[in-house]
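# make a model of this:
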Amino acid sequence: MSKNKLLFAALAFTSVLGATPLAANAAVDIYLDVAPPAARYEVVPEARHGYVWQPGYYDYRNRHHVWVKGYWVKERQGQYWHPTRWEQDNGRWHFVKGSWQHDRYAYRDSDHDGVANKYDHDRDGDGVRNSQDRAPDNPYRH
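Predicted structure coming up:
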């Protein structure tokens, strides 16, 4: 093969490779105006040494909520698993993919509904913010 043909073949291959979309690993933020359905009840299996449990959640695919069953995630020393979840943000719902973080409290879900949101500042669910509630753990006293 001549030098020119070899050069042309290399350029053609490079241009085709450059036009080929690569696998999408980039994070895509999903914001919705409609809340995800209520989480399904799942029996959490017995604890596994070296793993943490990722509870089931609704993913959003092809303009529909799709249930993803819970699964085990391999533990990382010195880090804390913050599960995949939906968070309420200025009246919209934001999908947050699970991740490992060094901060244990980066994810707060005080009301244990699987959604970190503005209501998590009300531990007992009585409608009074913890900072203004004389009994923040008693829903019958404010």
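# give me the low-pLDDT residue ranges for the protein?
Across the chain, the stretches falling below the confidence threshold (pLDDT under 70) are 1-27, 105-127, 129, 138-142.
# tell me the strands in it, going along the chain?
For the chain, the strands identified by DSSP state E occupy 30-32, 51-54, 57-61, 64-68, 71-74, 80-82, 85-89, 92-96, 99-101, in order along the chain.
# who does the second one touch, helix- and strand-wise?
Helices and strands in packing contact with strand 51-54 are listed as strand 71-74; criterion 3 or more CB pairs under 8 Å, 6 or more residues apart in numbering; DSSP states H and E. For glycine as for every other residue, the C-beta is placed from the backbone atoms N, C-alpha and C.
# partner strands of the strand it packs on, with direction?
Using DSSP bridges, the strands paired with strand 71-74 in its sheet are strand 51-54 (antiparallel).
# next, the buried residues of the strand it pairs with.
Taking 16 or more other CB atoms under 10 Å as the neighbour-count basis, strand 51-54 is seen to contain the buried residues 52-54.
# still on that earlier bit, any chance of the strands of the chain in JSON lines, plus distance to Asn130?
Shown next, in JSON lines, are these (distance: least, CB to CB, whole Å):
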{"stretch": "strand 30-32", "distance to Asn130": "27"}
{"stretch": "strand 51-54", "distance to Asn130": "27"}
{"stretch": "strand 57-61", "distance to Asn130": "26"}
{"stretch": "strand 64-68", "distance to Asn130": "31"}
{"stretch": "strand 71-74", "distance to Asn130": "30"}
{"stretch": "strand 80-82", "distance to Asn130": "21"}
{"stretch": "strand 85-89", "distance to Asn130": "17"}
{"stretch": "strand 92-96", "distance to Asn130": "23"}
{"stretch": "strand 99-101", "distance to Asn130": "23"}
